[in-house]
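1. With the sequence up front, the predicted model follows.
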Protein chains: 2
Amino acid sequence: MPDLSIDVVAKAAGVHRSTVSRAFSRPEAVKSETREHILRVAEGLGYTMSPLAQALRRKTSNIIPLIVPDITNPFFAELAKTMTQAADERGYQLMLCVTNGDPAKSDGYFTAMQAMYAPFGIVAPSTKVDSEALKRFAFGHKVVVIDRVEGDDSVPTVTVDSRKGIMLALDHLHSLGHTSIGYVSGIAGTHTAQDRMDAYLELTAENGSKPVVLDSGSDLDAGTRGAEHFLEMDNPPTAIIAANDMVAFAVISALGRSGLRVPDDVSVIGFDGLALGARFNPPLTTVRQPIADMGHIAIELAEKQNGDGSVDHIVLEPELLVRGSTSELRK
Amino acid sequence: MPDLSIDVVAKAAGVHRSTVSRAFSRPEAVKSETREHILRVAEGLGYTMSPLAQALRRKTSNIIPLIVPDITNPFFAELAKTMTQAADERGYQLMLCVTNGDPAKSDGYFTAMQAMYAPFGIVAPSTKVDSEALKRFAFGHKVVVIDRVEGDDSVPTVTVDSRKGIMLALDHLHSLGHTSIGYVSGIAGTHTAQDRMDAYLELTAENGSKPVVLDSGSDLDAGTRGAEHFLEMDNPPTAIIAANDMVAFAVISALGRSGLRVPDDVSVIGFDGLALGARFNPPLTTVRQPIADMGHIAIELAEKQNGDGSVDHIVLEPELLVRGSTSELRK
DNA sequence: AGTGTTATTGCAACCGATCTCAGCAACCGA
DNA sequence: TCGGTTGCTGAGATCGGTTGCAATAACACT
């Protein structure tokens, strides 16, 4: 197909290119007959506007970066999925940027996106977000973070209520008769991760029971180490809360390798609500985060900030998802 | 920061903008002193070229689309991960496009990418690729497919040797004493999926044993249905080959819910080699695909085709990954 | 010194849109 | 009939680069 530019459409329709431009991007500014004629001609030629040229001139594009540390982590994958959809619905193209936890890369992505005139970006961090780093970029003013950002209210955030989530898990376990409940931290070194841990510590204290932190690391092996620690204990807890589903998987797997069965020997509950959990062995009981909502809301917040400059901090409610990895305490 | 264009750098360096342009994109065409001076000035100003403007003029950009049906599927996630890295190494930006299996979307992405002057694209399909559909786009001539494409040698492909993989699985199971081995198909309705199934059928036939296809669907529930079917059998096989890891997970999970244990009661082997498998319960024995290689090779093939027009079809070797979901047959 | 190369750099058109401004016609009320 | 609106369209500069071509300088050779 010969290069289709706005000029060939203009010629074909017998109007000036500025009219064609308006017919597409500001329809109300063109007499409706003219507009329809132009659109029809364009359609016939199979013409669509060049997003590149548009972005160059308008200084704003429709591509928006989603910066995640690791797409292989199903949590981020699910986030990416719902975000591509949410973006799509609003006419954006999602550009997935994987940092592998390297902050330098994330800087690089920021500048690249800035150069692409991305209207804003979404960051799902793996470490506590440094608000200074965010500000170093002009782009920093147009970022939504999927985590709490300490000491900086100027960047919109969306999170779920960690304390509430942990409470849900604890209540569920209590209702099954468990009183000695361990905790395994894990993966992301985010505020969110921290909050969950703190909530666990506080809530067990309030309850008068003593907290048992099996592992407080934030890497992929936390689950395995937590399980090892558990196995070495003289008087291990009867249930374990994992900071997230991936860790829960690792815990159950490691326990299994040592002959312990879940939930018969120990109950395990995760946090995330990954679809994958339903197909785990056993299906994982977990605290579900409304990931789909998070994706949509993140984009809404960004648009809102772009619009009226308002900065919101949305906190979503988690919910309990009872599947098969927890059961009544049996002596 | 005030808008940094090539002109301000030119002014600052006391040269014409075309010289600045050349200093960056065709270094050998500029006297080395001039070039270094320009680069230094640019550096000082914190200037980088606008990829948009470049793409517009050059009619080729550095963004390359990776089209996958579902990023939530860890196979595609791992692929995306290695591809972002491979792309990055070569100066490309990966644009992740998730189709959710909707061919219309994939068409949309193609045209969008064409408009973005993407030099080529990578497609990891969920259905048999229709070479006609590929050709409808000018872009179709610059696509690498991660699957076999029937009846069209003109598009480069990278796959793994399905037959070899199934053979590995079968041999492993045989060596453990299993003779009655079932098969559960699953998920992607690709040539690859078909090939694995065919290989299973052929190889068991050659071996004189009778094939037991527990489910031949290609959706997420194939695993569950396969397990149900298995449970209803009078004389069920003692081992199961799953067409891919996700299906294997589902099979084991479903079996587990019915009280059957893997590998004690049945051995199960997957196909993919997902990192996730190592943390499953039990850790999944599987046929590993060299996913990282696939990503790199896909990009190499694309570049090669772009360069000298050659079209290659690379077939990679799978390898057996023995973990915990298979064991000696015990009566 | 005269002429032919070659290495560098400047000029200006161009990529495909957007957008301000100006022009023109139709319409309004006095 | 005339000044004032209003609605629609055309002109042309502009976004930030690239690139073919021309101009100039520097150097080689006879």
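-> Yep, that arrived. Residues are numbered from 1 along each chain as shown, chains lettered A, B, ... in the order given.

2. got the residue ranges for the helices in the stretch 101-250 of chain A?
-> A:103-115, A:131-135, A:162-175, A:191-206, A:222-232, A:245-257 (DSSP state H, counting those that start in this stretch).

3. Which among those is found nearest to DNA strand C?
-> helix A:103-115 (15.2 Å; Cβ to the nearest atom of the strand). Using the backbone N, CA and C atoms, a C-beta is placed for each residue, glycine as well.

4. what about that closest one, near chain B?
-> Yes - applying Cβ under 8 Å from any Cβ of the partner chain, one finds that helix A:103-115 is in contact with chain B at A:111, A:112, A:115.

5. in that helix, what's buried?
-> A:105, A:106, A:109, A:110, A:112, A:113, A:114, A:115 (16 or more other Cβ atoms under 10 Å in any protein chain shown).

6. One more: stretch A:4-13?
-> Result for stretch A:4-13 [16+ other Cβ under 10 Å]: buried residues A:4, A:6, A:8, A:9, A:10, A:13.

7. What is the neighbour count of the residue in the stretch 201-331 of chain A that DNA strand D sits nearest to?
-> Per Cβ to the nearest atom of the strand, residue A:306 is where the stretch 201-331 of chain A lies closest to DNA strand D, at 19.0 Å. For residue A:306, the neighbour count with other Cβ atoms under 10 Å in any protein chain shown is 14.

8. ok, now residue A:311?
-> Residues near residue A:311, counting by other Cβ under 10 Å: 15.

9. What residues does it make contact with?
-> Taking Cβ atoms under 8 Å, 6 or more residues apart in numbering or on different chains, we find residue A:311 in contact with A:153, A:154, A:155, A:156, A:305.

10. What is the neighbour count of the second one?
-> Using other Cβ under 10 Å, the number of residues around residue A:154 comes to 12.

11. now the first one
-> Residue A:153 has 10 neighbours, counted by other Cβ under 10 Å.

12. swap in the last one?
-> Around residue A:305 sit 20 other residues, with neighbours defined as other Cβ under 10 Å.

13. ok, it to residue B:13 distance?
-> 37 Å (Cβ to Cβ, to the nearest Å).

14. Likewise for the second one?
-> Shown here: residue A:154 relative to residue B:13, a distance of 36 Å by Cβ to Cβ.

15. Provide a list of residues in contact with residue A:319.
-> Counting by Cβ under 8 Å, 6+ apart, residue A:319 has contacts A:168, A:273, A:287, A:288, A:290.

16. which intervals of the stretch 101-250 of chain A have sub-threshold pLDDT?
-> A:135-141 (pLDDT under 70).

17. Can you name the residues of chain A that neighbour DNA strand C?
-> A:3-7, A:17-18, A:21-22, A:24-26, A:49-50, A:52-54, A:56-58 (Cβ under 7 Å from any atom of the strand).

18. Close to chain B as well: tell me which of these qualify.
-> Restricting the residues of chain A next to DNA strand C to those near chain B - Cβ under 8 Å from any Cβ - leaves A:49, A:50, A:52, A:53, A:56.

19. Dump those to a markdown table, plus pLDDT, secondary structure and neighbour count.
-> Compiled in a markdown table, these are given as follows (pLDDT from 0 to 100; DSSP: H, G, I helix; E, B strand; the rest coil; neighbours: other Cβ atoms under 10 Å in any protein chain shown):
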| residue | pLDDT | secondary structure | neighbour count |
| --- | --- | --- | --- |
| A:49 | 94 | coil | 17 |
| A:50 | 95 | coil | 17 |
| A:52 | 94 | helix | 22 |
| A:53 | 95 | helix | 16 |
| A:56 | 95 | helix | 17 |
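
20. any idea which of the residues you listed is closest to DNA strand D?
-> residue A:56 (4.2 Å).

21. could you dump stretch A:7-16 to PDB, C-alpha only?
-> These are the backbone C-alpha positions of stretch A:7-16, laid out as PDB (Å, rounded to 0.1, in the frame of the first residue of the first chain):
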ATOM      1  CA  ASP A   7      -2.500  14.800   2.400                       C
ATOM      2  CA  VAL A   8      -3.600  12.100   0.100                       C
ATOM      3  CA  VAL A   9      -6.800  11.800   2.000                       C
ATOM      4  CA  ALA A  10      -7.200  15.600   1.700                       C
ATOM      5  CA  LYS A  11      -6.600  15.500  -2.000                       C
ATOM      6  CA  ALA A  12      -9.000  12.600  -2.500                       C
ATOM      7  CA  ALA A  13     -11.700  14.400  -0.500                       C
ATOM      8  CA  GLY A  14     -11.000  17.700  -2.200                       C
ATOM      9  CA  VAL A  15     -10.300  19.500   1.000                       C
ATOM     10  CA  HIS A  16      -7.300  20.900   2.900                       C
END
